[in-house]
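Colleague: how does the following fold in three dimensions:
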Amino acid sequence: MSQPAPRIAPLAPPYPPEIQAQLDRIMRGAPPLVLFRVLAGHSRAWDKFRAGGLLDPGPLSLRQREIVIDRTCALTRCEYEWGVHVAIFAGPAKLTEDEVRATVQGDAASPCWSPAEQALIAAADALHHRATFTDEEFAALSAHYDEAQILEIMLLCGFYRTVSYLANGLRLPPEANAARFPAPL
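Modeller: Predicted coordinates for the structure are as follows:
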């Protein structure tokens, strides 16, 4: 069964030289993602999106960052972005199959998570459902993460909620090599 086309057509090659250079920098030799090609066709959206990127080395480890991103995308039912991140980063982040599954089907109490990772899942859940933390949730997060890390967690949740709005709202088909949500157990 074929996927419906994206609601806004992606930019097709050949790309303008400036866009090609930007895509080359981001994709490092891989074909550009459909999401990037849609946004690159609209300069203001593309510029704003690129300005918000949080994939550079920051105050969180790769593993911590990917847990937050994967959980946020799973909560928003954004299989497109979840699948891209799992395919590219789950291995380097040393996320096991059970942990990847738990980002979609588990919660903060899932036994695969360490106490610090449980705090990440709980934070993503709280921000998704209420856009804030209770005092107890913030204290639990603060027990494992410093201020810069907490800000990064909040920024990641917000940015990837926006990415999810884009991918879901545009009805982007899964990327060819992306992971798919796990089947229910």
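
Colleague: name the element the spatially most central residue of the chain belongs to?
Modeller: For the chain, the residue nearest the mean C-alpha position is Ile69 (3.8 Å; C-alpha atoms, centre = their mean). Secondary structure from DSSP states H and E places Ile69 in helix 62-75.

Colleague: nearest residue to Gln118 in space, ignoring adjacent ones along the chain?
Modeller: Counting by C-beta to C-beta, 6 or more residues apart in numbering, Gln118 lies nearest to Ala108, which is 4.6 Å off, once chain neighbours are set aside. (Glycine included, C-beta is placed from N, CA and C.)

Colleague: nope, Phe49 is what I meant
Modeller: The spatial neighbour of Phe49 that comes closest, neighbours along the chain excluded (C-beta to C-beta, 6+ apart), is Leu39 at 5.1 Å.

Colleague: check what pLDDT that neighbour gets.
Modeller: Reported pLDDT at Leu39 in the predicted model: 96.

Colleague: spell out the secondary structure type for it.
Modeller: Three-state assignment for Leu39 (DSSP: H, G, I helix; E, B strand; the rest coil): helix.

Colleague: what's near enough to touch it?
Modeller: Leu39 makes contact with 45-46, 49, 166, according to C-beta atoms under 8 Å, 6 or more residues apart in numbering.

Colleague: likewise Leu55?
Modeller: Counted by C-beta under 8 Å, 6+ apart, Leu55 has contacts Arg65.

Colleague: and it, what pLDDT?
Modeller: Predicted confidence (pLDDT) for Leu55: 77.

Colleague: mind giving me the packing neighbours of the helix or strand bottoming out on mean pLDDT in the chain?
Modeller: Least confident helix or strand of the chain, by mean pLDDT, DSSP states H and E, is helix 43-51 with a mean of 93. The contact analysis (3 or more C-beta pairs under 8 Å, 6 or more residues apart in numbering; DSSP states H and E) places helix 43-51 against helix 17-27, helix 34-40.
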